[in-house]
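A.B. asks: Got a predicted model here, sequence first, then my questions.
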Amino acid sequence: MLIPLKLVRGRPLQQQLYDQLRALIASGRLQSGARMPSTRMLAEQFAISRITVLLTYERLVAEGVLYTLPAAGTFVGVVQGIGSPGLAKEPAGAVLRAGAHDVGLPDAELFPANRWRAALRHALDRVGLRRPEDALDGSRDPRSTIAGWLAATRGLSVAPGQIVVVSGRRRALDTIAELLRPSSRRTLIEAPCDATVTRAYERVGAHVLPIPVDEAGIRTDALPAGQAALVHVTSGHQNPLGAVLSAERRERLAAWAEASGAFIVEEDQDADLRTDAALKPPMAAGPAASRVIYMSGFAATMAPWLHLAYLVLPPALAERAAAAHRAVDEHASWLEEAALGEFIVSGAFARHVHRARKVYAGRRHALAAARMLHLPEIRLVGADNGLHQAWLLPEGFAVVDRFLEVADDRRLIAARPSLSVAALGVPLERIVLVDVARIDEARIDGTLGAVADAMRAACCPSAAREIAAD
């Protein structure tokens with residue numbers, strides 16, 4: 001299958017490939033269910049790096065525009081608004097507006113692909129024809145290397161046997177759901193939260209009860225009395241509003257979990273890239289560790305296509321979780337797991353994290369300076385950390401729509417929160433999520449200047465006409 005694309009040298013190839021594939025799907029030229037060329041075939045067609053195609057495919061898979069089937073290939077998905085007759089009339093080159101799932105992805109251009117490729121090659125050479133479990137020596141066992149990394153960076157001291165490495169975040173959520181079997185008891189989630197979390201627990205028949213969050217995280221005073229299976233929190237950087245759970249609320253949450261017999265699922269996806277992660281250790285490193293399941297991964301730190309995730313479990317649950325993992329997911333990502341051990345042991349992971357933190361800190365600084373200059377009326381909700389920010393826009397007719405429209409035109413990735421469940425005291429209808437990781441520092445000042453002009457025109461159309469007349 002030949003894809004009708006035109007790539008221009010001298011401009012970012014990955015972004016061109018991404019934009020044009022989305023446009024082809026939006027126009028209906030690539031229809032739902034169509035089989036995409038392999039990454040190798042597409043790379044050869046345009047004489048570009050295969051990693052460029054792979055990163056583009058993974059980004060589109062993460063957005064639901066494409067999907068993969070084991071041993072079958074990659075296919076065009078069924079996505080709302082894509083492939084419908086109404087979109088077939090869009091001009092060539094149209095780019096679909098970002099959704100909440102687009103915000104907060106890492107900049108894949110920072111990923112040291114050559115070093116990762118070398119780690120994969122070394123791991124494959126070391127494993128050879130042996131079974132993966134026979135080839136993983138202790139120094140490169142991903143559980144051992146992850147344990148060492150967590151001890152150094154999070155103050156989290158755990159044995160390798162307490163760690164279960166899984167093929168992705170969704171598999172981690174499924175493992176928790178299967179392990180705790182919450183269908184007979186209440187499952188508490190933050191409101192708002194990532195819809196993937198809600199769906200994971202609803203799939204096993206859990207009675208999901210949303211608990212509101214505010215700018216200090218989950219409202220512990222709203223936790224119900226009585227028995228519960230678990231509470232799922234993003235304590236280090238609330239997703240999507242960015243709050244950091246205070247020490248006082250952490251103590252209250254731990255006391256509630258003890259009284260209700262619940263486990264705390266503490267999800268911490270972007271901790272490696274936060275400057276405060278070492279200063280604010282996770283609850284799993286504190287006195288409540290026996291009731292905390294710590295969940296993290298590498299997609300946010302390294303690249304969206306590296307789905308590996310892991311769970312750190314209390315000793316009482318570790319063996320059961322490992323058995324459940326062996327029954328369903330064992331060896332699903334054995335080569336990536338082996339390469340991860342190589343990558344961490346070699347120091348490449350630490351060097352990548354150090355570089356990414358510096359780059360993202362610079363982009364956050366540029367974004368903050370431009371926001372304060374052009375849009376001082378916008379308030380930052382939550383912490384100025386992580387890969388995305390939540391901004392509270394001023395009141396006014398169509399202000400959010402204008403913000404998103406101009407942001408999209410200027411390639412600032414922004415979207416509304418994905419859930420409509422209201423947070424307490426935070427008007428979600430005026431919240432926009434802004435991507436920090438992939439902004440262009442050189443253009444952000446002009447971008448926010450244009451956004452400010454458009455928003456003020458939407459708020460005060462008569463004033464805008466007067467300015468235009470002058």
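C.D. replies: Now that the structure is in, tell me what you want to look at.
A.B. asks: Going by C-alpha atoms from here, please, whenever you check contacts or count neighbours.
C.D. replies: Fine.
A.B. asks: pLDDT below threshold where in this protein?
C.D. replies: 1-2, 10, 70-71, 78-101, 127-140, 276-279, 326-332, 396-398, 418-425, 458-470 (pLDDT under 70).
A.B. asks: in it, which spans are strands?
C.D. replies: Counting by DSSP state E, the chain has these strands, from start to end: 66-69, 73-76, 163-166, 186-191, 207-214, 217-218, 228-233, 263-267, 292-297, 309-312, 379-381, 388-392, 414-415, 431-435.
A.B. asks: what's the most buried one of the ones you listed?
C.D. replies: The highest mean neighbour count among those, using mean count of other Cα atoms under 10 Å, belongs to strand 217-218: a mean of 28.
A.B. asks: who does it pair up with?
C.D. replies: strand 207-214 (antiparallel) (DSSP bridges).
A.B. asks: Do I have it right that His307 meets Arg171?
C.D. replies: No - if you go by Cα atoms under 8 Å, His307 and Arg171 don't touch, sitting 9.8 Å apart.
A.B. asks: Quick one: the strands of the chain as a markdown table, columns for distance to Gly449 too.
C.D. replies: As requested, these are exported to a markdown table (distance: least, Cα to Cα, whole Å):
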| stretch | distance to Gly449 |
| --- | --- |
| strand 66-69 | 34 |
| strand 73-76 | 37 |
| strand 163-166 | 44 |
| strand 186-191 | 32 |
| strand 207-214 | 29 |
| strand 217-218 | 31 |
| strand 228-233 | 36 |
| strand 263-267 | 36 |
| strand 292-297 | 36 |
| strand 309-312 | 39 |
| strand 379-381 | 16 |
| strand 388-392 | 16 |
| strand 414-415 | 15 |
| strand 431-435 | 15 |
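A.B. asks: Out of these, which is closest to Arg274?
C.D. replies: Across the strands of the chain, Arg274 has its closest neighbour in strand 388-392 (11.1 Å, Cα to Cα).
A.B. asks: To Met36, which of the strands of the chain lies closest?
C.D. replies: strand 73-76 (5.4 Å).
A.B. asks: Just the C-alpha atoms of that closest one, please, in CSV.
C.D. replies: Only the C-alpha atoms of strand 73-76 are listed here, as CSV (Å, rounded to 0.1, in the frame of the first residue of the first chain):
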residue,chain,number,x,y,z
GLY,A,73,-0.6,-5.2,11.7
THR,A,74,-1.7,-1.6,12.2
PHE,A,75,-5.1,-0.4,11.1
VAL,A,76,-7.1,2.8,10.9
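A.B. asks: same for that strand, what does it pack against?
C.D. replies: strand 66-69 (3 or more Cα pairs under 8 Å, 6 or more residues apart in numbering; DSSP states H and E).
A.B. asks: one step back: for Leu124, find the nearest of the strands of the chain.
C.D. replies: strand 163-166 (18.4 Å).
A.B. asks: Contacts for that closest one, please.
C.D. replies: Contacts to strand 163-166, defined as Cα atoms under 8 Å, 6 or more residues apart in numbering, come from residues 142-143, 147, 172, 308-313, 318, 321-322, 325, 329, 332-333, 337.
A.B. asks: Return a ChimeraX selection command for the buried portion of those.
C.D. replies: Typed into ChimeraX, the line below selects the buried ones among the contacts of strand 163-166, using 16 or more other Cα atoms under 10 Å:
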select :142,143,147,172,308,309,310,311,312,313,318,321,322,325,329,333,337
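A.B. asks: Spell out which residues make up each domain of this structure.
C.D. replies: Annotated domains of the chain cover 13-96, 113-350, 356-469 [automatic domain parsing].
A.B. asks: Would you format those as CSV with distance to Asp107 included?
C.D. replies: Listed next are the domains of the chain as CSV, based on distance: least, Cα to Cα, whole Å:
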stretch, distance to Asp107
domain 13-96, 10
domain 113-350, 7
domain 356-469, 5
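A.B. asks: Of all those, which one is nearest Pro4?
C.D. replies: Using Cα to Cα, those put domain 13-96 closest to Pro4, at 8.6 Å.
A.B. asks: and the lengthiest helix in the chain, what other elements does it pack with?
C.D. replies: Counting by DSSP state H, the longest helix found in the chain is helix 348-374. When contacts are defined as 3+ Cα pairs under 8 Å, 6+ apart, helix 348-374 sits against helix 444-459.
A.B. asks: can you give me the offset of the helix it packs on from its chain's centre?
C.D. replies: From the chain centre to the centre of helix 444-459 is a distance of 27 Å (Cα atoms, centre = their mean, to the nearest Å).
A.B. asks: May I have that helix as CSV, with CA atoms only?
C.D. replies: What follows is helix 444-459, C-alpha atoms only, in CSV (Å, rounded to 0.1, in the frame of the first residue of the first chain):
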residue,chain,number,x,y,z
ILE,A,444,5.6,30.7,22.4
ASP,A,445,5.6,34.4,23.0
GLY,A,446,4.0,35.1,19.6
THR,A,447,1.5,32.2,20.1
LEU,A,448,0.2,33.4,23.4
GLY,A,449,0.1,37.0,22.0
ALA,A,450,-2.2,35.8,19.3
VAL,A,451,-4.3,33.7,21.7
ALA,A,452,-4.7,36.8,24.0
ASP,A,453,-5.9,39.0,21.1
ALA,A,454,-8.4,36.3,20.0
MET,A,455,-9.7,35.8,23.6
ARG,A,456,-10.2,39.5,24.2
ALA,A,457,-12.0,39.9,20.8
ALA,A,458,-14.4,37.1,21.9
CYS,A,459,-15.0,38.7,25.3
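A.B. asks: got the angle between that helix and helix 348-374?
C.D. replies: 40 degrees (axes from the mean of the first three to the mean of the last three Cα atoms, to 10 degrees).
A.B. asks: quick one: buried residues of helix 444-459?
C.D. replies: 444-445, 447-459.
A.B. asks: does Pro142 really touch Trp334, like I thought?
C.D. replies: No - contact criterion Cα under 8 Å: Pro142 and Trp334 do not qualify, at 10.0 Å.
A.B. asks: now the angle from the longest helix of the chain to strand 431-435?
C.D. replies: Using the same axes, to 10 degrees: helix 348-374 against strand 431-435 is 130 degrees.
A.B. asks: just how off-centre is helix 348-374 within its chain?
C.D. replies: With Cα atoms, centre = their mean, you get 17 Å for helix 348-374.
A.B. asks: Give me the angle between that helix and strand 388-392.
C.D. replies: 20 degrees.
A.B. asks: What are the buried residues along helix 348-374?
C.D. replies: 348-349, 352-353, 356-357, 360-361, 363-364, 366-368, 370-371, 374.
A.B. asks: same question, stretch 151-169
C.D. replies: 154-156, 158-160, 162-169.
A.B. asks: Which members of these are the farthest-apart pair?
C.D. replies: Gly155 and Ser167 (24.9 Å).
A.B. asks: picking up where we left off before, mind checking which of the domains of the chain is nearest Gly104?
C.D. replies: The nearest among the domains of the chain, by Cα to Cα, is domain 356-469 at 4.7 Å.
A.B. asks: Using JSON lines, lay out the buried residues of stretch 151-169 together with distance to Glu267.
C.D. replies: Listed next are the buried residues of stretch 151-169 as JSON lines, based on distance: Cα to Cα, whole Å:
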{"residue": "Arg154", "distance to Glu267": "13"}
{"residue": "Gly155", "distance to Glu267": "16"}
{"residue": "Leu156", "distance to Glu267": "14"}
{"residue": "Val158", "distance to Glu267": "17"}
{"residue": "Ala159", "distance to Glu267": "19"}
{"residue": "Pro160", "distance to Glu267": "19"}
{"residue": "Gln162", "distance to Glu267": "16"}
{"residue": "Ile163", "distance to Glu267": "14"}
{"residue": "Val164", "distance to Glu267": "14"}
{"residue": "Val165", "distance to Glu267": "15"}
{"residue": "Val166", "distance to Glu267": "14"}
{"residue": "Ser167", "distance to Glu267": "16"}
{"residue": "Gly168", "distance to Glu267": "13"}
{"residue": "Arg169", "distance to Glu267": "10"}
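A.B. asks: All set, thanks.
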